[in-house]
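> Prediction below, plus the sequence it came from.
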Amino acid sequence: MTDLTTAMTGLGRRARAAASALRQAPADARTRALTLLSEKLGAAQDDLLAANARDVEAARANGMSEALLDRLTLTPARVAGMVEAVAVIAAVPDPLGVETQRWTPANGLDIARVRTPIGVLGVIYESRPNVTADAAALCIRSGNAAILRCGSDCLQSSLAIAGVVAEALSEAGLPADAVQLVDTPDRAAVGLMLGGLDGAIDVIVPRGGKSLVARVQAEARTAVLSHLEGLNHTYLHRAADPDAARAIAVNAKMRRTSVCGATETLLVDRAAAESLLPAVAADLIAAGCELRGDEAARALVPEMTPATEADWTTEYLAPILAVRVVDDLDAATDHIARYGSGHTEAIVTADVEAAERFAAQVDSAIVLVNASTQFADGGEFGFGGEIGISTNRLHARGPVGAEQLTTYKYVVRGQGQIRP
């Protein structure tokens, strides 16, 4: 443990020094590093796939489920997706040094609020190798140094990707220590990161399942940027277009059931339940979704199994959907306020006034009108990618891209003023 503590503390020290250099580097150097990273990831495809094959073989031997193996596995198409994601982040305007506001108060001082990096981010994630590239790219774009700790199942894949990141940084004239990967599967490394590495880490970003995020939120001794779970709702208002309701409900649940933006509860307006719900339910069942409904929903769709109180508070991340018939818009927003996690909610309606009232009443990080909750994604927001979705009420909220990984400082210019 002493050796690990020494190694991790050294990682933090080097990250802090690299953060200073990265913050002061010109924007075009960060852009060049990202462009090189995109190119080098593509060129290293065979090496990345070989490293990943070792991870997959070991995981399969350890009994990993097929669903988790799929999450772990890299393919040529997925490597190409990483390459494209980094290229898009390279094209995002550099956020550093941007004046977000400037004014002159009565004392004559010229005051500017300017974006600046947070400093050093500790990113803790599970067995998704692509997160290594995504997190590295977003930290480089935002001028933050990063200490990455991946799941042990994807360590070989992540080490290969991290090696490419180091090459790109060095070739661009930036410190390779700006992005460092914890190279041991020892779980004690996570605890050391949560302790802040002697003040080296400014913010912890967990990206993974509920148990990982809960541990980070409970144990971290530094700021945390995260969401615990995505208990997301889609509400079919009485004025919903039937075709839109069917398409959005199915996409919101079934496009990818394992993502945090998937809808977990469908709320249906009582005034339109008889006309809307049977067709929507039929589409969902045909797509392979299990429905768990309240008494009113089951009266219209007998194939549903009875919902329990636990169904309103469960993030399934599976083809299971809770369904409730509600009296009106206020009842829908009351349900969301009681059971939701503040992540993403949607309304389907042709009534503009109802849509605006829903948007005003719902206090979640993302509120959608006539669109699928699966759009809860930084790439879909035009951020070029995300390091995660935040349900925090301070600093960043919603998809966390490069701009959201900055803070600000005030630059005050005077002409010799002294305060009376």
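Happy to help now that I have it. Numbers count the residues shown, from 1 in each chain.

> the longest helix in the chain is where?
helix 2-24 (DSSP state H).

> and the nearest residue to Arg397 once chain neighbours are set aside, how many neighbours?
Spatial nearest neighbour of Arg397, excluding adjacent residues (Cβ to Cβ, 6 or more residues apart in numbering): Ala365 at 4.8 Å. Using the backbone N, CA and C atoms, a C-beta is placed for each residue, glycine as well. By the criterion of other Cβ atoms under 10 Å, Ala365 has 21 neighbours.

> Next one, pLDDT for Ala365 please.
pLDDT recorded at Ala365 is 96.

> which residues of this structure score low on pLDDT?
Where the chain drops to pLDDT under 70, the residues are 1.

> Tell me where it has helices.
Under the criterion DSSP H, the chain carries helices at the ranges 2-24, 27-43, 45-61, 66-72, 76-91, 129-142, 155-171, 188-194, 210-219, 242-254, 270-286, 295-300, 329-339, 352-361.

> Packed most tightly, which of those would that be?
Across those, averaging neighbours per residue (mean count of other Cβ atoms under 10 Å) puts helix 129-142 on top, at a mean of 28.

> picking that back up, for Ile320, which of the helices of the chain is the nearest?
For Ile320, the closest of these is helix 242-254, at 8.9 Å, according to Cβ to Cβ.

> Mind exporting the C-alpha coordinates of that closest one to CSV?
Taking Å, rounded to 0.1, in the frame of the first residue of the first chain, the C-alpha atoms of helix 242-254 are listed here in CSV:
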residue,chain,number,x,y,z
PRO,A,242,-50.7,9.9,-31.9
ASP,A,243,-48.0,9.1,-34.4
ALA,A,244,-45.4,11.3,-32.6
ALA,A,245,-46.4,9.7,-29.3
ARG,A,246,-45.8,6.2,-30.7
ALA,A,247,-42.5,7.0,-32.3
ILE,A,248,-41.1,9.0,-29.4
ALA,A,249,-42.2,6.5,-26.7
VAL,A,250,-40.6,3.5,-28.5
ASN,A,251,-37.4,5.4,-29.3
ALA,A,252,-37.1,6.9,-25.8
LYS,A,253,-37.2,3.4,-24.2
MET,A,254,-35.9,1.0,-26.8
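
> ok, residues contacting it?
Outside helix 242-254, the residues within contact range by Cβ atoms under 8 Å, 6 or more residues apart in numbering are 232, 234, 236, 262-263, 266, 275-276, 279-280, 283-284, 287-289, 319, 321, 346, 348, 370-374.

> If you compare the directions of that helix and helix 270-286, what angle comes out?
Here the directions of helix 242-254 and helix 270-286 differ by 50 degrees (axes from the mean of the first three to the mean of the last three Cα atoms, to 10 degrees).

> quick one on the thing from earlier: now the helices of the chain in TSV, with distance to Pro306?
What follows is the helices of the chain, written out as TSV (distance: least, Cβ to Cβ, whole Å):
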stretch	distance to Pro306
helix 2-24	50
helix 27-43	49
helix 45-61	37
helix 66-72	27
helix 76-91	40
helix 129-142	38
helix 155-171	43
helix 188-194	40
helix 210-219	25
helix 242-254	19
helix 270-286	15
helix 295-300	7
helix 329-339	17
helix 352-361	28
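
> Out of those, which gets nearest to Leu405?
Using Cβ to Cβ, the nearest of these to Leu405 is helix 129-142, at 3.9 Å.

> which helices and strands sit right next to the closest one?
On a contact count with 3 or more Cβ pairs under 8 Å, 6 or more residues apart in numbering; DSSP states H and E, helix 129-142 meets helix 27-43, helix 45-61, helix 76-91, strand 120-125, strand 145-149, helix 155-171, strand 179-181, strand 203-207.

> Turn the ones you listed into a markdown table, columns for distance to Thr407.
What follows is the helices and strands packed on helix 129-142, written out as a markdown table (distance: least, Cβ to Cβ, whole Å):
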| stretch | distance to Thr407 |
| --- | --- |
| helix 27-43 | 17 |
| helix 45-61 | 33 |
| helix 76-91 | 19 |
| strand 120-125 | 12 |
| strand 145-149 | 14 |
| helix 155-171 | 22 |
| strand 179-181 | 19 |
| strand 203-207 | 9 |
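
> closest one to Ala355 among these?
For Ala355, the closest of these is helix 76-91, at 30.2 Å, according to Cβ to Cβ.

> For that closest one, name the packing helices and strands.
Applying 3+ Cβ pairs under 8 Å, 6+ apart, we find helix 76-91 packed against helix 27-43, helix 45-61, helix 129-142.

> Please produce a markdown table containing those helices, extended by distance to Ala337.
Putting the helices and strands packed on helix 76-91 into a markdown table (distance: least, Cβ to Cβ, whole Å) gives the following:
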| stretch | distance to Ala337 |
| --- | --- |
| helix 27-43 | 41 |
| helix 45-61 | 40 |
| helix 129-142 | 32 |
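
> Of these, which is nearest Ala168?
Closest to Ala168 of those is helix 27-43 (Cβ to Cβ; 3.9 Å).

> got a list of contacts for that closest one?
Residues from elsewhere that reach helix 27-43 (Cβ under 8 Å, 6+ apart): 22, 48, 79-80, 82-84, 86-87, 89-90, 94, 96-97, 133, 136-137, 140-141, 143, 161, 164-165, 167-169, 171-174.

> swap in stretch 285-294?
Residues outside stretch 285-294 that contact it (Cβ under 8 Å, 6+ apart) are 250, 253-254, 281, 284, 297, 301, 303-308, 311, 319-325.

> quick one: which of these sit in strands?
Members of the contacts of stretch 285-294 lying in strands (criterion: DSSP state E): Thr305, Pro306, Ile320, Leu321, Ala322, Val323, Arg324, Val325.

> Brilliant, that's me finished.
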